[in-house]
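> Got a predicted structure plus its sequence, pasted below:
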Amino acid sequence: MNTLAPDDIDFAAYEWQTECKAKLRSAASYAEALALALEPRQQDTSPSSFSTKLRQGLRFRPGEVTAWAGYSGHRKSMLTGQMAVELAKQQQRTLVVSLEMVPATTLARMARQFLGTATPRDLARFFDGMKALWLFDHVGRLTPHQTLAVCRYFAEHHAGQQVFIDSFMMVCGSEESLDEQKQFTTDLVRMAQETGLHVHLVAHCRKPQSGDESKPPGKHDLRGTAAITDQCHNVVTVWANKAKQKRLQDHPGDLMAEQEPDAVVTVCKQRNGSYEGGFKFWFDPQSLRLLDERDGEVSPW
C-alpha cells in the first residue's frame, strides 16, 4: 500500500501554468483518430465498474472528468469508494484524495468492499489486490492550486490513471465564490486533458426548497457553479431511498418496501458515450457495496 503526503510534493512546480501552448496540427494528422471515430462497431475499452450495472453504460475514459453528485448522506462517497476499489483491482493506478477521512478509515471501508464482509480478516489479500491504489495523506481543505498539483504529481511521477477528489466543497469551500469554483472546474478539466488522468469529482446537490428528497436529483441540481455540469464530461447522480429506510424502520418485514431499490444511480450526462439513464441498486450493509439485485451474491474480489 502506498501513500502520498504534502511534504512529498513541490506544489509550485506542478501548479497550473497560465501560458498558452500552441497546439496546431494538420487535419491529415488526425486520420487514424477519425477512422476510429467513424467506425460504427468500435468498442470503447476504457475501464468501468466490473461488479455493477454501470459497466453497461458508463466508461471512465482518459482525459475526462466525472462529477458524482447527490444530496448529503446519500452514499455518494461510499459508491465512489467502491468504484476506486474496482478500478485499482483492474490495475488502474488510482489515487484517492479523501479530505474528510483519515487514510485508515478510508481503507477500512474499502477493505469491507473488497473482501465482502463487515469484519475483514484477510488483509494480505486486500493489500495484494490493491497494489495499484494510492492515498493522499491529508485531512482538511486543499486550495485549488494544491489539488491540481497533487493530480499532476500523481500523473507525472506515478503514471497515474484515476484520481478521486472527495469533495469539491473541500477545495472550493465558499458557496459564494462562484468565480473560484468555475476557474477550478475549468483548470481541472484542462489538467485531465493534458495528463490523461480520469478525475472523479464528488460534488453535492442543493437540498430542495421543500426539503423533500424523495426523488433523485438531476444534473441541474448540483450545488455551486453551473460550470460543474457544463464542463465536466460526465455527470452521475447518486440517490438513496430514504423513504424505504423509514418504512422498514417503522414496519420491519414490509415486503412491498423490500422490493424497492435502495439507491438509484443516474448517468445524467456523458459527453463521449451514448448512454444516459438510471440504474437501480440494493445496498448490502455488510460489504458496504451497491448490488445489482436485492439478493445479489457478495463474494471477495
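Alright, I've got the coordinates.

> Can you show me the helices along the stretch 1-150 of the chain?
11-14, 31-38, 76-89, 103-115, 123-129, 144-158 (DSSP state H, counting those that start in this stretch).

> Of all those helices, which one is nearest residue 207?
Checking the helices of the stretch 1-150 of the chain against residue 207 by C-beta to C-beta gives helix 76-89 as the closest, at 14.2 Å. (Each C-beta comes from the backbone N, C-alpha and C, glycine too.)

> tell me the average confidence for the closest one?
Helix 76-89 shows a mean pLDDT of 98.

> what sits up against that helix?
47, 49-51, 60, 68-70, 94, 96, 98, 100, 106, 109-110, 113-114, 129-133, 161-162, 164, 166-167, 200, 202, 238, 263, 265, 288-290, 301 (C-beta atoms under 8 Å, 6 or more residues apart in numbering).

> Buried deepest among the helices of the stretch 1-150 of the chain, which one?
For those, ranked by mean neighbour count under the definition mean count of other C-beta atoms under 10 Å, the leader is helix 76-89 at a mean of 23.

> Only the C-alpha atoms, please, for it, written as PDB.
What follows is helix 76-89, C-alpha atoms only, in PDB (Å, rounded to 0.1, in the frame of the first residue of the first chain):
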ATOM      1  CA  LYS A  76     -22.100   9.100  -3.000                       C
ATOM      2  CA  SER A  77     -18.700   8.800  -1.100                       C
ATOM      3  CA  MET A  78     -19.400   5.100  -0.500                       C
ATOM      4  CA  LEU A  79     -20.200   4.400  -4.100                       C
ATOM      5  CA  THR A  80     -17.100   6.300  -5.400                       C
ATOM      6  CA  GLY A  81     -15.000   4.300  -2.800                       C
ATOM      7  CA  GLN A  82     -16.400   1.200  -4.400                       C
ATOM      8  CA  MET A  83     -15.500   2.400  -7.800                       C
ATOM      9  CA  ALA A  84     -12.000   3.200  -6.700                       C
ATOM     10  CA  VAL A  85     -11.500  -0.300  -5.300                       C
ATOM     11  CA  GLU A  86     -12.800  -1.800  -8.600                       C
ATOM     12  CA  LEU A  87     -10.500   0.300 -10.700                       C
ATOM     13  CA  ALA A  88      -7.500  -0.500  -8.600                       C
ATOM     14  CA  LYS A  89      -8.400  -4.200  -8.800                       C
END
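
> tell me the angle it makes with helix 103-115.
Note on geometry: by axes from the mean of the first three to the mean of the last three C-alpha atoms, to 10 degrees, helix 76-89 and helix 103-115 are set 70 degrees apart in direction.

> coming back round to it: confidence-wise, which of the helices of the stretch 1-150 of the chain is weakest overall?
Among the helices of the stretch 1-150 of the chain, helix 11-14 scores lowest, with a mean of 69.

> With adjacent residues omitted, what lies nearest to residue 55?
Of all residues not flanking residue 55 in the chain, residue 48 sits nearest, at 4.4 Å (C-beta to C-beta, 6 or more residues apart in numbering).

> ok, so what distance separates the one you found from residue 69?
Taking C-beta to C-beta, to the nearest Å as the measure, residue 48 and residue 69 are separated by 19 Å.

> Show me which of those two is the more surrounded one.
residue 69 (30 against 20; other C-beta atoms under 10 Å).

> Throw the helices of the stretch 1-150 of the chain into TSV and include distance to residue 184, thanks.
Below are those laid out as TSV (distance: least, C-beta to C-beta, whole Å):
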stretch	distance to residue 184
helix 11-14	15
helix 31-38	29
helix 76-89	18
helix 103-115	23
helix 123-129	33
helix 144-158	4
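
> wait, which of the ones you listed is closest to residue 283?
Nearest of the helices of the stretch 1-150 of the chain to residue 283, taken as C-beta to C-beta: helix 76-89 at 8.6 Å.

> Check the offset of that closest one from the chain's centre.
Relative to the chain's own centre, helix 76-89 is displaced by 7 Å; criterion: C-alpha atoms, centre = their mean, to the nearest Å.

> can you offset everything so residue one is 31?
Got it, first residue is 31 now, which makes that one helix 106-119.

> element containing residue 231?
In this assignment (DSSP states H and E), residue 231 forms part of strand 228-234.
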